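Engineer: what follows is a predicted protein model with its sequence.
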Amino acid sequence: MLNEIEKRIIGEAYTSSRPLENLTTLCDDYGGRFAGTEENREAAEYIMGIYEEYGLGDPRLEPFTFQGCEVGESSLRVRGPTAKDVPTLTLPMTPSGSAEGELVAVETASDLESLDAEGKIILGTNRLPLRACVEAGAVGFVWMHPFPMMGPPTGVVPQLVPAVSIKHEDGLMLRRLIDLRGSVSVEFQTGCEVFERESWNVCGDVKGDGDDGYVLLGGHYDGHEIAQAAFDCGAACMAVTEMGRILNTVSDGLDGDVRVVCFSAEEFGFWGSRDYAKRHADEMTDMLFTYQLDCNGGHEPQMATVDYWPELEPFYARLRNDLGLPMPFDQRMGPGDSRAFHELGVPTGSIIDYREPGRLPLLKTVRHTEYDTVDKINLRHLQDDVAIGAISTTRMLASKDWPRHRSKEEVDELKRRLSD
Ligand SMILES: [Zn+2]
């Protein structure tokens, strides 16, 4: 059963098109919002302006520095058995340089054990860990997308050996050349300037009525330079901003506070959320829960996840029933920005497009491809995200028996269990 405040929240959530309107502006005006760039800064100010319009308390930018880069040109040439150029994408943070040698195709990390990769260039999908390839002796790396019609994938790589990406179809052609002609030799160049950059988390508050505890609603607004980064992760930012707007209209009835944070530099290794957890260390004990949304608002039903809190299953079963949504629910590790909070023992969760756990189902989405654009975001699903997030937040704040934080030992124990 929904109470009166929850009914008002539902009414607001399903009659507002603001999340998609805001997301359209974020994507069409500010592009991929690659962390540290001018458009990243302008996007932060745009989001802060929305917080101001919605009357969130103390809207502000919190600056931090991180190891970032400016991506340059790259090229890949097949020298033999037949000469041709293959279009590439420079992977962010790759060392600048060149590599040449025989190309070897590798399917999974375990294939590396039986392979002599010394001095070779590895052709693998972006599921394959680059570090393992370098440990096996590889001097260069070519990522192919594991699925067709996705273009070349992007994603920050460790600074180990020159690395580029190509589309699935070009990867298949190179594999055919290896299979049919025995040996393929390639040369490629990469250009990428790595340096310390500045970026900004965008924070705003909803002041409730109680004083014990708060919920943090987060997503990351930075993306990659090759697309609009609507699914990963502009949609998340506009969903949590909308939750903030609506919760602010019922703040008198909230038994605690809410903070909305759009993080940055997630794509470079969760720098924004890590900086936030350090800067606000003294507020961590009062955090009841944090949602970090990532890859939501697409065409699949929206699902909720928590990072292994089985005692919350009845809470989410009741929520699903009261909202009348399919809302699949799963226990799994949340996205990158939840890690800094998970490490501290804070209960964390996410609201995402439905998918099976693991890396391959994630790679079936348009994230990190040039097709991650705002036209693929579904308003109704954004509204579902807002309803799930806002209603569950009010219930967390009102709960009398909310789970306490995990101790350091319990966090370590969970890590051991998950790595087995
Ligand atoms: Zn993301």
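Structural biologist: Great, that's in hand. The structure displayed is predicted, hence computed values, not measured ones.
Engineer: going forward, measure contacts and count neighbours with C-alpha atoms only.
Structural biologist: OK.
Engineer: for Asp58, give its distance to Gly204.
Structural biologist: Plainly put, Asp58 is 6 Å away from Gly204 if you go by Cα to Cα, to the nearest Å.
Engineer: and those two? Which one has more around it.
Structural biologist: More neighbours surround Gly204 than the other of Asp58 and Gly204, with 23 against 13 (other Cα atoms under 10 Å).
Engineer: doesn't the more buried one fall inside a strand?
Structural biologist: Yes: looking at Gly204 with DSSP: H, G, I helix; E, B strand; the rest coil, it is inside a strand.
Engineer: tell me the contacts of it?
Structural biologist: Applying Cα atoms under 8 Å, 6 or more residues apart in numbering, one finds that Gly204 lies in contact with Tyr51, Leu56, Gly57, Asp58, Pro59, Arg60, Arg259, Val260, Val261.
Engineer: ok, of those residues, which one's closest to the ion?
Structural biologist: The closest of the contacts of Gly204 to the ion turns out to be Val261 (Cα to the ion; 14.1 Å).
Engineer: I figured Gly151 was touching Lys167, is that so?
Structural biologist: Yes: the pair Gly151 / Lys167 is scored as a contact, 4.5 Å apart, by Cα atoms under 8 Å.
Engineer: most neighbours of all the contacts of Gly204, which one?
Structural biologist: Counting neighbours by other Cα under 10 Å, Val261 leads these with 29 neighbours.
Engineer: in the chain, what residue lies closest to the ion?
Structural biologist: The nearest approach of the chain to the ion comes at Asp232, 4.4 Å away (Cα to the ion).
Engineer: that residue in helix, strand or coil?
Structural biologist: With three-state DSSP as the basis, Asp232 sits in helix.
Engineer: and for the one 10 residues further on?
Structural biologist: Applying three-state DSSP to Glu242 yields a three-state assignment of helix.
Engineer: which ones are touching it?
Structural biologist: Applying Cα under 8 Å, 6+ apart, the residues contacting Glu242 are Arg18, Pro19, Val386.
Engineer: again, but for Phe268
Structural biologist: By Cα under 8 Å, 6+ apart, the residues touching Phe268 are Gln67, Gly68, Val156.
Engineer: go again with 10 Å.
Structural biologist: Going by Cα atoms under 10 Å, 6 or more residues apart in numbering, Phe268 touches 34-35, 66-69, 92-93, 155-158, 222-223.
Engineer: how about those residues in a markdown table, adding neighbour count?
Structural biologist: Listed next are those as a markdown table, based on neighbours: other Cα atoms under 10 Å:
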| residue | neighbour count |
| --- | --- |
| Phe34 | 28 |
| Ala35 | 28 |
| Phe66 | 19 |
| Gln67 | 15 |
| Gly68 | 24 |
| Cys69 | 21 |
| Pro92 | 27 |
| Met93 | 25 |
| Gly155 | 17 |
| Val156 | 16 |
| Val157 | 20 |
| Pro158 | 16 |
| Asp222 | 36 |
| Gly223 | 29 |
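Engineer: just put those residues in JSON lines and tack on secondary structure.
Structural biologist: Shown next, in JSON lines, are the contacts of Phe268 (three-state DSSP):
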{"residue": "Phe34", "secondary structure": "coil"}
{"residue": "Ala35", "secondary structure": "coil"}
{"residue": "Phe66", "secondary structure": "strand"}
{"residue": "Gln67", "secondary structure": "strand"}
{"residue": "Gly68", "secondary structure": "strand"}
{"residue": "Cys69", "secondary structure": "strand"}
{"residue": "Pro92", "secondary structure": "coil"}
{"residue": "Met93", "secondary structure": "coil"}
{"residue": "Gly155", "secondary structure": "coil"}
{"residue": "Val156", "secondary structure": "coil"}
{"residue": "Val157", "secondary structure": "coil"}
{"residue": "Pro158", "secondary structure": "coil"}
{"residue": "Asp222", "secondary structure": "coil"}
{"residue": "Gly223", "secondary structure": "coil"}
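Engineer: one step back: what is in contact with Asp58 and Gly204 at once?
Structural biologist: Shared contacts of Asp58 and Gly204 (Cα under 10 Å, 6+ apart): Met48, Tyr51, Glu52.
Engineer: the last one: neighbour count?
Structural biologist: Using other Cα under 10 Å, Glu52 is surrounded by 15 other residues.
Engineer: residues of the stretch 251-400 of the chain that sit close to the ion?
Structural biologist: Residues of the stretch 251-400 of the chain lying close to the ion (Cα under 5 Å from the ion) are Asp294.
Engineer: so who does Asp58 touch?
Structural biologist: Asp58 makes contact with Met48, Tyr51, Glu52, Cys203, Gly204, Asp205, Val206, according to Cα under 10 Å, 6+ apart.
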